[in-house]
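Novice: Mind folding the following:
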Amino acid sequence: MTEKKPDRAIKDFIWNIREIYSHLEEIHKSWAELLQITEPQWLILMAVEELDDGRGVAGVDIAQKLQFYQPFVTNQTKSLEKRGLLSRQPRADDGRYVLMSLTAKAKTELAKLAKRKLALNSTMFNEFDEKSLAELNVSLAAIAKNGRLASRLLAIDIA
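Specialist: Numbering: from 1, shown residues only. Alright, predicted model coming up:
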């Protein structure tokens, strides 16, 4: 029996995403090694850099962005603070929440990597212009949203 074209396209898509994830994981490990931190710690730094609007980022927001367990983020951010890469300050209006920001040391280290990251991104995305990347990101965001729904539905089915 021949596989339907949409089924083949979905399988191809899933395997392509898996391969991309694997390559990104290796790249993140390499960046982390340059800073002598772990890959999850690297991802936490990247999430803080992405999310911080100048007031700091709550651990819950980092955990949500990375799909990490909140206590893990707390533990890792404490380690990054000890290494001088993150500052952790209680939120002024609610001391139960800690806001994290990159330190000057972290910003300096990331700036040293910026040219290399730009070259790497250029290699990975050289066949895409800004418009096609934006369109791809819209499609991927829709698939991610539907994936969250699908995983919730699966959890309900299993329960």
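Novice: Could you check how far the residue nearest the centre of the chain is from residue 134?
Specialist: Residue closest to the average C-alpha location in the chain (Cα atoms, centre = their mean): residue 66, at 4.9 Å. Here residue 66 is placed at a distance of 23 Å from residue 134 (Cβ to Cβ, to the nearest Å). C-beta here means a position set from N, CA and C on the backbone, and glycine is covered the same way.
Novice: so which strand or helix has the nearest residue to residue 91 once chain neighbours are set aside?
Specialist: Ranked by Cβ to Cβ, 6 or more residues apart in numbering and with sequence neighbours excluded, the top spatial neighbour of residue 91 is residue 97, at 4.2 Å. Remark: residue 97 resides in strand 94-102, with elements defined by DSSP states H and E.
Novice: one step back: wait, doesn't the residue nearest to residue 91 sit right on residue 74?
Specialist: No - under the criterion of Cβ atoms under 8 Å, residue 97 makes no contact with residue 74, lying 11.2 Å away.
Novice: Give the residues shared as contacts by the two.
Specialist: When contacts are counted by Cβ atoms under 8 Å, 6 or more residues apart in numbering, residue 97 and residue 74 have residue 59 as shared neighbours.
Novice: And the helices in this structure, which stretches?
Specialist: Assigned by DSSP state H, the helices in the chain fall at 5-35, 39-51, 59-66, 70-82, 104-124, 130-158.
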